[in-house]
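K.L.:
Model the structure of this input:
(one chain, ligands or ions: 2)
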Amino acid sequence: MNTIEIESLTKNFGKFNAVDDISFNVEEGEIFGFLGPNGAGKSTTMMILTTLLKPTSGRALVAGFDVVSQAKKVRENIGFVQQEIAVDEYLTGRENLILQGRLNHIPSNLIDERIDQVLDLIELVEKQNETVDTYSGGMRKRLDLAGGLLHRPRVLFLDEPTVGLDIQTRRKIWDYIKKIHKEFNMTIFVSTHYMEEADNLCDRIGIIDYGKIQVIDSPQVLKNKLGNEIITFKILEDVSKTNLLSELKAIQLVKDITTKDDQVTVFASNGTELIPMIFQIASNLQIKIISISLTQPTLDDVFISYTGHELRDENAKYNQKIQYAKMRRWRD
Ligand SMILES: Nc1ncnc2c1ncn2[C@@H]1O[C@H](COP(=O)(O)OP(=O)(O)OP(=O)(O)O)[C@@H](O)[C@H]1O
Ligand SMILES: [Mg+2]
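P.N.:
Ligands and ions are numbered 1, 2, ... in the order given. This next block holds a predicted model:
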């Protein structure tokens, strides 16, 4: 059964197409990952699915209800933990949860028991009576997660749940998400721009780039589809000015090829067999190979294969932009 059904969903901001005609389903009980770089359209899609934003066109059902015409019903069935942490610094952890419980209309005779349960689940029992300004980033995010669980939603939306956290804390949050999933057996829709997160957490992944879904499948199938092995090599000249690519593409073992500057990445069913062939072709074309390596595919490679660029590049640029913005602020 599908818990989320999305049909030709589109969102324009003026002339800008932030979400571009996307269609897919999420099955009941699965952890679905929405993987894409900054600005890909992840939050916009999630805001539509959680009724906070109206689509320009297309349709979406969440827990069987239309996100536009049955928005109230949708809201009763979902939890949404947004990208920005939404906890009150001056309240204690427990007070934050009481507030959240009231906002979600949880009957007062149930609130205490529900809060005890989620505090136990995210291991914040000890800290519950301290104000949130004494919490670490990871603890705040855990509290934020707990707030989204109190009314026991059927579908939980998590928008970049670990962004800005260090890798150890990120891994801890993944464990909590898995625990939540197991305990409540809910459908989880999680967006991320961390490959490792998508790989580690999700049953299936949809790669989104420039508002479009590029591919959807399980991490393992996506990796397998690329071929079992990857050969990366560098040559002395500009690849595009040679016949190297067309000759490589003609080999049956070669499944896909991407290039960047002087680097060529070949996805192959049998890399060990292919390497001597690459040397042979290069030698015939009088091209000098300066380095070559053979590796197993990762989700990073999957991303490059479907989008034509690296996820890390985008984030590096984005982080640099933030850095510049901060520097400007300090200067002003
Ligand atoms: N209210 C708005 N008005 C105009 N443009 C918007 C608005 N909200 C989002 N956008 C643009 O739509 C695009 C998609 O934004 P969105 O926030 O959905 O991306 P994202 O995938 O969540 O990225 P991030 O990883 O940075 O959170 C971006 O180019 C963004 O600038
Ligand atoms: Mg976002």
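
K.L.:
all contacts plus neighbour counts: C-alpha atoms, from now on.
P.N.:
Noted.

K.L.:
Would you point out which residue is most central in this protein?
P.N.:
Per Cα atoms, centre = their mean, the C-alpha nearest to the average position across the chain is that of T192, at 2.5 Å.

K.L.:
Correct me if wrong: it contacts G36.
P.N.:
Yes. With contact defined as Cα atoms under 8 Å, T192 reaches G36; the gap is 6.7 Å.

K.L.:
hang on, F32 in a helix?
P.N.:
No. F32 is assigned strand when assessed by DSSP: H, G, I helix; E, B strand; the rest coil, not a helix.

K.L.:
Would you mind naming what in this protein lies close to ligand 1?
P.N.:
Contact residues, the chain versus ligand 1 (Cα under 6 Å from any ligand atom): 13, 18, 37-44.

K.L.:
now the strands: where do they sit in the stretch 1-150 of the chain?
P.N.:
2-13, 16-27, 31-35, 57-62, 65-66, 78-81 (DSSP state E, counting those that start in this stretch).

K.L.:
out of these, deepest packed?
P.N.:
A comparison of the strands of the stretch 1-150 of the chain by mean neighbour count, using mean count of other Cα atoms under 10 Å, puts strand 31-35 on top with a mean of 26.

K.L.:
and the angle from that one to strand 16-27?
P.N.:
160 degrees (axes from the mean of the first three to the mean of the last three Cα atoms, to 10 degrees).

K.L.:
strands paired with strand 31-35, and their directions?
P.N.:
Paired strands of strand 31-35, with direction, are strand 187-192 (parallel), strand 204-209 (parallel) (DSSP bridges).

K.L.:
Next SSE downstream of the first one?
P.N.:
When you say that, I think you mean strand 187-192. Scanning forward in sequence from strand 187-192 by DSSP states H and E, the next helix or strand is helix 195-201.

K.L.:
CA-only coordinates of that next one, as PDB, when you get a sec.
P.N.:
This file holds the C-alpha atoms of helix 195-201, laid out as PDB (Å, rounded to 0.1, in the frame of the first residue of the first chain):
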ATOM      1  CA  MET A 195      25.200  10.200   0.700                       C
ATOM      2  CA  GLU A 196      26.200   8.200   3.700                       C
ATOM      3  CA  GLU A 197      22.900   9.100   5.500                       C
ATOM      4  CA  ALA A 198      20.800   8.000   2.500                       C
ATOM      5  CA  ASP A 199      22.800   4.800   2.100                       C
ATOM      6  CA  ASN A 200      22.700   4.000   5.800                       C
ATOM      7  CA  LEU A 201      19.100   4.800   6.600                       C
END
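
K.L.:
And the residue of the stretch 51-200 of the chain closest to ligand 1?
P.N.:
H193 (6.3 Å; Cα to the nearest ligand atom).

K.L.:
tally of neighbours for whichever residue of the stretch 201-332 of the chain sits closest to ligand 1?
P.N.:
Here the stretch 201-332 of the chain gets closest to ligand 1 at one residue, G211, 7.1 Å apart by Cα to the nearest ligand atom. Using other Cα atoms under 10 Å, the number of residues around G211 comes to 22.

K.L.:
OK, contacts around the closest residue to the residue nearest to the centre of the chain other than its chain neighbours?
P.N.:
Setting aside the residues directly before and after it, T192 is nearest to E160 in space (Cα to Cα, 6 or more residues apart in numbering), at 4.7 Å. When contacts are counted by Cα atoms under 8 Å, 6 or more residues apart in numbering, E160 touches 82-83, 190-193.

K.L.:
Recalculate using a threshold of 10 Å.
P.N.:
Contacts for E160 (Cα atoms under 10 Å, 6 or more residues apart in numbering) come out as 34-35, 42-43, 81-84, 190-194, 197.

K.L.:
Which pLDDT value goes with the nearest residue to Y194 once chain neighbours are set aside?
P.N.:
Excluding its sequence neighbours, the residue lying closest to Y194 (Cα to Cα, 6+ apart) is L35, at 7.5 Å. Listed pLDDT for L35 reads 92.

K.L.:
same thing with S136?
P.N.:
91.

K.L.:
For burial, what's the neighbour tally of it?
P.N.:
S136 - counted by other Cα under 10 Å - has 12 other residues nearby.

K.L.:
Could I get the phi/psi values of it?
P.N.:
Per-residue torsions, S136: phi -80, psi 170 (degrees, to the nearest 10).

K.L.:
And it, how close does it get to V221?
P.N.:
37 Å (Cα to Cα, to the nearest Å).

K.L.:
Equivalent analysis for T265, please.
P.N.:
From T265 to V221 the distance is 20 Å (Cα to Cα).
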